[in-house]
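Participant: Turn this into a structure:
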Amino acid sequence: GKPAIGQLLGGLLGKASRLFSRPAHAATAPNLKARQPNWVGDLIYLSVTLLGSFFFLKFTLNQLDPNKAASKQAAQRKKEIKQRLGKSITTNTYEDVIACDVINPDHLSVSFDNIGGLHAIKERLYELVILPLRRPDLFARGNLLKPVKGVLLYGPPGTGKTMLAKAIAKESNACFINVRAATLQSKWFGDAQKLVTAVFTLAMKLQPSIIFIDEIDSLLGKRHTNEHEAVNNMKTEFMALWDGFTTDEYSQVMVLGATNRPWEVDEAVLRRLPQSFLVGLPDGNQREAILSKMLEGEVMDESFYMGQGIKRLGNRTSGYSGSDLKQLCTNAAYFPIRELLQAERRNPSAVGTIKPRALTLEDFIQALAHSKPTGEQAMSYLKTKVMESSYNQFNFDEEILDDDTFEGDSMEGDDVKTFDPLKKNKAKARK
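Facilitator: Numbers count the residues shown, from 1 in each chain. Sure thing, here's the model as predicted:
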């Protein structure tokens, strides 16, 4: 019963206590030698295990890294920059993110020669943007010819503002940083300011360089009290680095902005854009020049040129923007294709043997019946919806609200009209 079990447990515990309480010198020499640890083997085993675990963990984290593709692209861009500049640059993590938006001018095919019309604007942009980057020695004397820190292109949609920016990047052969709002946004508080700082530090390392912001009103719009603190701090940091206390006045870094809503841009940003150009709707001569550029290399019927097709189309496309004219030409180019497909349906054996006919003036006239001038609609919207609210705020002159303000013929004179949203403040200062 229970006494027998107690005696058994007591005996086992007694034997265990005598076994573990035996003195160390009581062990025999052969047993002591057998129990000595193999320190060298254990050290090698531990080192190999830790090294294997390190590489496995590094590989796993590398595969799970969400910025892996961006880092690879940044490394490729820095390699291209090194080949172009003939020198390597040292960048931090945030500058690597911005390096993904550095455009290689050699990959662009748009130049000033590919843009029809806008001769006055192209000449002024060459003087203000391209010449200081190509010939800095001409602007090194005195204080009046300091390089321009900012240029704004504004006007209705589809008039060629972004195309002009591409041409500037191509003609200047400068490092062109295409800043996007998505690049400067981060879920971590404070990263937006660091990314903005990286934009300018990278531009300084790559100078001469151009920082281009398309739709600048969405990135550097007016600051409001109900705006998120991170967005407000990002705008403040951008302006401080752009033209602030520590900015080098003679650095070859310029900001180029484009927008069709200039009144939405913050007043402090507009002050840093001293040169602004209205890229308006093309006039008759400019439309003819744009159509001539678009139809270069196309298969045109002889009757098109004999009937002065370019001039007739230019007269019938009043209110059309550059993108409207391109869409018109695209729609006209589909008519020969439709006729070819209809001929192949009637004669299936001739599939692949018939070639599309040349474009005629009749194709463009038919396309005009199904085309709408979006540039004219955009101008009407600007005048009726937005400009009315901006009129009281900025005290626009009636001249700015006229139709001719958005027409290209006002750009081809000796004077290029510019946007001055701070006119009201200047008038108050004079009073």
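Participant: CA atoms for contacts and neighbours, from now on please.
Facilitator: Noted.
Participant: Could you list the low-confidence segments of this protein?
Facilitator: For the chain, the stretches with pLDDT under 70 are 1-37, 65-71, 73, 77-78, 81-87, 244-247, 250, 375-431.
Participant: where do the strands sit along it?
Facilitator: Assigned by DSSP state E, the strands in the chain fall at 102-103, 150-154, 175-179, 209-214, 253-259, 275-278.
Participant: Now render those as JSON lines, adding distance to Asn315 and mean neighbour count.
Facilitator: Formatted as JSON lines, the strands of the chain follow (distance: least, C-alpha to C-alpha, whole Å; neighbours: other C-alpha atoms under 10 Å):
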{"stretch": "strand 102-103", "distance to Asn315": "38", "mean neighbour count": "22"}
{"stretch": "strand 150-154", "distance to Asn315": "25", "mean neighbour count": "24"}
{"stretch": "strand 175-179", "distance to Asn315": "37", "mean neighbour count": "23"}
{"stretch": "strand 209-214", "distance to Asn315": "31", "mean neighbour count": "24"}
{"stretch": "strand 253-259", "distance to Asn315": "28", "mean neighbour count": "23"}
{"stretch": "strand 275-278", "distance to Asn315": "22", "mean neighbour count": "21"}
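Participant: Reformat the ones you listed as CSV; add distance to Pro356.
Facilitator: Compiled in CSV, these are given as follows (distance: least, C-alpha to C-alpha, whole Å):
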stretch, distance to Pro356
strand 102-103, 38
strand 150-154, 40
strand 175-179, 40
strand 209-214, 39
strand 253-259, 39
strand 275-278, 40
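Participant: Mind listing the residues bridging to the residue most central in space within the chain?
Facilitator: With distances taken as C-alpha atoms, centre = their mean, the residue of the chain nearest its centroid is Asn178 (3.4 Å). With DSSP bridges applied, Asn178 shows beta-bridge pairing to Phe212.
Participant: can I assume it is in contact with Asn104?
Facilitator: No. Proximity of Asn178 to Asn104 does not meet the contact threshold set by C-alpha atoms under 8 Å, at 10.5 Å.
Participant: Quick check: Pro336 vs Asp363, distance?
Facilitator: With distances taken as C-alpha to C-alpha, to the nearest Å, Pro336 is found 8 Å from Asp363.
Participant: repeat for Ala350
Facilitator: Distance from Ala350 to Asp363, counting by C-alpha to C-alpha: 24 Å.
Participant: what sits against the nearest residue to Lys194 once chain neighbours are set aside?
Facilitator: Take Lys194 and drop its neighbours on the chain: the residue closest to it by C-alpha to C-alpha, 6 or more residues apart in numbering is Tyr94, 6.9 Å away. Listed by C-alpha atoms under 8 Å, 6 or more residues apart in numbering, the contact set of Tyr94 reads Lys194, Leu195, Ala198.
Participant: Only the buried subset of these, as a ChimeraX command please.
Facilitator: Buried residues within these, by 16 or more other C-alpha atoms under 10 Å, are selected in ChimeraX with:
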select :195,198
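Participant: ok, back up a step: which of Ala350 and Asp363 has more residues huddled nearby?
Facilitator: Neighbours per residue (other C-alpha atoms under 10 Å) separate Ala350 from Asp363, with Asp363 holding more: 18 against 11.
Participant: I'd say the more buried one and Thr330 touch.
Facilitator: No. Asp363 lies out of contact with Thr330 (C-alpha under 8 Å); the separation is 10.4 Å.
Participant: Looking at the strands of the chain, which is nearest to Asn114?
Facilitator: Across the strands of the chain, Asn114 has its closest neighbour in strand 150-154 (18.1 Å, C-alpha to C-alpha).
Participant: And the closest residue to Leu295 other than its chain neighbours, how far from Ile211?
Facilitator: Nearest residue to Leu295 in three dimensions, chain neighbours excluded: Cys329, at 8.0 Å (C-alpha to C-alpha, 6+ apart). As judged by C-alpha to C-alpha, Cys329 and Ile211 stand 33 Å apart.
Participant: Check Asp243 too.
Facilitator: From Asp243 to Ile211 the distance is 13 Å (C-alpha to C-alpha).
Participant: Nothing else from me, thank you.
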